[in-house]
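J.: A predicted structure for the sequence below; I have some questions about it.
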Amino acid sequence: MAEELELIVVVAHLEVGDAEDALRSLAARLLEEGAVTVDFPEALRERERQYPTGLPTPIPTAIPHADPALVRRPGLALATLAGPVDFGEMGGEGTVGVRVVAMPLLTDAASHLRALQRLMGVLRSEDAVGRLLQAEDEDGLRRCAGELLEGETA
């Protein structure tokens, strides 16, 4: 279905030192899955340096992404972080202590607009993000995220 975003990579309680480490880890997993090109990891980090994606939502989240030309398979990478990691604030000057990283992989944003709207609805909800953080492992996180993304209305 064009408006769904497949959960390609899901990582619960990812332990990282900083935002770049989080991006590097998720990008490497996406590369292993064949979802992105070899140029994706560096393009992702460079884009995040220029255009930070940390959101000061009730539980801070980040939505890093890169050029659609570097995406082979549309979907979503999702990670809960073991502890807060500072990401630059989107449209701001400071940083936010991010707990969840949701990385949309889009080849055509228009065809996934509703799925992106649902994702943003989930990320803005303290209850929904709290449920994601409570998932004990990848299977639980995948199940919880799937339910939230299917059930959330924009």
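T.: Great, that's in hand.

J.: please count neighbours and contacts with C-alpha atoms only from this point.
T.: Fine.

J.: now do whichever strand or helix holds residue 139: which elements does it pack against?
T.: Applying DSSP states H and E as the criterion places residue 139 in helix 138-151. If you count contacts as 3 or more Cα pairs under 8 Å, 6 or more residues apart in numbering; DSSP states H and E, helix 138-151 packs onto strand 7-14, helix 113-124, helix 126-134.

J.: buried stuff in it?
T.: For helix 138-151, burial by neighbour count (16 or more other Cα atoms under 10 Å) applies to 138, 141, 142, 144, 145, 148, 149.

J.: could I get the helices and strands packed on helix 138-151 as JSON lines with mean neighbour count?
T.: Shown next, in JSON lines, are these (neighbours: other Cα atoms under 10 Å):
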{"stretch": "strand 7-14", "mean neighbour count": "20"}
{"stretch": "helix 113-124", "mean neighbour count": "19"}
{"stretch": "helix 126-134", "mean neighbour count": "17"}
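
J.: and residue 99, which of the ones you listed is closest to it?
T.: Residue 99 sits nearest to helix 126-134 of all the helices and strands packed on helix 138-151, at 7.8 Å, using Cα to Cα.
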